[in-house]
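> Let me see the structure of the following:
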Amino acid sequence: MVNTIIFSIFLIFSSAALLATLALYTRQSLLIAYIIVGVILGPWGLKLIADPVLIQQTGDIGILFLLFLLGLHLQPQNLWHMLHKVTWVAFASSLLFFGLGFGVAYVFGYTQMECSLIGASMMFSSTIIGLKLLPTTVLHHQHTGEVMIGILLMQDLIAIFILLMLHGVSVGKMSWLGIAATFLSLPALLLFAFVFERWVLIKLLAHFDKVREYMFLLSIAWCLSLSELASLVGLSHEVGAFIAGVSIASSRIALYIAESLKPVRDFFLVLFFFSVGASFNIRYFGAIILPAGILAVTMLLLKPYTFQVLLRQVGENNKVAWEVGVRLGQTSEFSLLLIYLATSASLISEEAAYLVQATAIITFIFSSYFVLSRYITPLSMNKRLQQD
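Purely as a prediction, here's the structure:
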């Protein structure tokens, strides 16, 4: 069978549509359907799509558009205020989750390096799931959404630092100069983005604002260009995409751009969740199901309570603190990226890597299910809670 990109996309979206229909009838999350499609069609299932690397790379574009759209909804002054407020919440919770992950891995006999990497992978919550289930017409402009977004952004910055540390370990030395240069490049990228937006981008958008096709094209080019520039100066593509969105958030056409890019984002996110399922080797299921189950239950139960307690310490009311905690009750796509890099550098065994993947999939599924059943989301199982 010829496994072309067209045939692969045909299989993915046809199967996803079939399972999504079943999921809606049984009041399940659509994200679960996409992951299951990956497990079934991927190299460890029916092998109909034997090499999902291209699909995974394509799905990563969905993350970029998601973060770009997030940035479009955030005024820079509001973002700075919220980051200042939740910084210690993000750091304190990350340290606690690291300790829990390290402890569970240690009990099951993993090496110290593997325990450290497993612990690090538990520190973060999923930006994709958090934002995918965040209604743009309600929470993006309200306090709950701002708090959650602030924590996710701080976690992303912590994740970038850990990835830099991991790179230093993999090459046998810690390049503190390189780490410092990377963090200095962040304000430089911000300065470039806002200067270019003010003197070039916004003038082009204002001059050709009646040509919608051009506005659509220019916004995608800006997102991907700043994403690539961020990668060139030592940051992640995701950080660049987010800065691209924030830089034009004050523009009067930001809302139009956000609405135009939603279908593009959703297309690539289907591919991303497919790649999550396709990358899981079910042959390791028996060996890792017990520690993965314990890790997943621990995160699902303790993350909401941890964020609730910490957020109340900074003045949030109990309802907001609890909802933010529930929405952040899973592990992250950064966890999968961290483990992928560690495996490439031979710092972690395949069994430990699949343990993190299994934990991520379990928490993705159950966290999404709980949010969909209790809170306002675009994909809610309860029509009363549905929101665009």
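> Let's see the pLDDT reported for residue 383.
With respect to pLDDT, residue 383 scores 56.
> what does residue 340 give?
76.
> Determine the number of other residues adjacent to it.
Residues lying near residue 340 (other C-beta atoms under 10 Å) number 16. C-beta: built from backbone N, CA, C; applies to glycine.
> nearest residue to it other than its sequence neighbours?
Counting by C-beta to C-beta, 6 or more residues apart in numbering, residue 340 lies nearest to residue 353, which is 7.8 Å off, once chain neighbours are set aside.
> hang on, isn't residue 128 packed against residue 333?
Yes - between residue 128 and residue 333 a contact is recorded at 5.6 Å, counting by C-beta atoms under 8 Å.
> measure the closest residue to residue 216 other than its chain neighbours to residue 14 for me?
Closest residue to residue 216 apart from its sequence neighbours, by C-beta to C-beta, 6+ apart: residue 260 at 5.2 Å. Residue 260 sits 26 Å away from residue 14, taking C-beta to C-beta, to the nearest Å as the criterion.
> which SS state does residue 123 fall under?
coil (DSSP: H, G, I helix; E, B strand; the rest coil).
> now it: how far from residue 247?
Relative to residue 247, and taking C-beta to C-beta, residue 123 is found at 28 Å.
> Which of the helices or strands spans residue 272?
Taking DSSP states H and E as the criterion, residue 272 maps to helix 254-278.
> ok, now residue 371?
Applying DSSP H and E, one finds residue 371 within helix 350-374.
> Which neighbouring elements make contact with that helix?
Helix 350-374 makes packing contacts with helix 30-41, helix 112-121, helix 127-132, helix 254-278, helix 285-313, helix 318-327, helix 333-344 when contacts are defined by 3 or more C-beta pairs under 8 Å, 6 or more residues apart in numbering; DSSP states H and E.
> and the host helix or strand of residue 9 with helix 30-41, angle?
Here residue 9, judged by DSSP H and E, is contained in helix 5-25. Relative orientation of helix 5-25 versus helix 30-41 (axes from the mean of the first three to the mean of the last three C-alpha atoms, to 10 degrees): 130 degrees.
> Mind listing what's buried along helix 5-25?
Across helix 5-25, burial judged by 16 or more other C-beta atoms under 10 Å covers 8, 9, 11, 12, 13, 15, 16, 19, 20, 23.
> Dump those to JSON lines, plus pLDDT and distance to residue 339.
Output for those, formatted as JSON lines (pLDDT from 0 to 100; distance: C-beta to C-beta, whole Å):
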{"residue": "8", "pLDDT": "85", "distance to residue 339": "24"}
{"residue": "9", "pLDDT": "86", "distance to residue 339": "26"}
{"residue": "11", "pLDDT": "90", "distance to residue 339": "26"}
{"residue": "12", "pLDDT": "90", "distance to residue 339": "23"}
{"residue": "13", "pLDDT": "93", "distance to residue 339": "27"}
{"residue": "15", "pLDDT": "94", "distance to residue 339": "26"}
{"residue": "16", "pLDDT": "93", "distance to residue 339": "25"}
{"residue": "19", "pLDDT": "93", "distance to residue 339": "26"}
{"residue": "20", "pLDDT": "90", "distance to residue 339": "28"}
{"residue": "23", "pLDDT": "82", "distance to residue 339": "27"}
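> Out of those residues, which is nearest to residue 218?
Sorting the buried residues of helix 5-25 by how near they are to residue 218, with C-beta to C-beta, puts residue 9 at the top with 26.3 Å.
> Roughly how far does the closest one sit from residue 31?
19 Å.
> Point out where the stretch 151-300 of the chain drops to low pLDDT.
Along the stretch 151-300 of the chain, the model assigns pLDDT under 70 to residues 164, 167-183.
> where exactly do the helices run in it?
Listed in chain order, the helices of the stretch 151-300 of the chain (DSSP state H, counting those that start in this stretch) span 176-196, 202-207, 212-232, 237-247, 254-278, 285-313.
> need the ones you listed in a markdown table with mean neighbour count and distance to residue 133, can you?
Output for the helices of the stretch 151-300 of the chain, formatted as a markdown table (neighbours: other C-beta atoms under 10 Å; distance: least, C-beta to C-beta, whole Å):
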| stretch | mean neighbour count | distance to residue 133 |
| --- | --- | --- |
| helix 176-196 | 14 | 28 |
| helix 202-207 | 14 | 30 |
| helix 212-232 | 17 | 22 |
| helix 237-247 | 25 | 18 |
| helix 254-278 | 20 | 12 |
| helix 285-313 | 18 | 14 |
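> possible to save those as JSON lines with distance to residue 372?
Below are the helices of the stretch 151-300 of the chain laid out as JSON lines (distance: least, C-beta to C-beta, whole Å):
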{"stretch": "helix 176-196", "distance to residue 372": "35"}
{"stretch": "helix 202-207", "distance to residue 372": "36"}
{"stretch": "helix 212-232", "distance to residue 372": "28"}
{"stretch": "helix 237-247", "distance to residue 372": "25"}
{"stretch": "helix 254-278", "distance to residue 372": "15"}
{"stretch": "helix 285-313", "distance to residue 372": "14"}
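> wait, which of these is closest to residue 91?
Nearest of the helices of the stretch 151-300 of the chain (C-beta to C-beta): helix 285-313, 9.9 Å.
> and that closest one, what does it pack onto?
helix 76-107, helix 318-327, helix 350-374.
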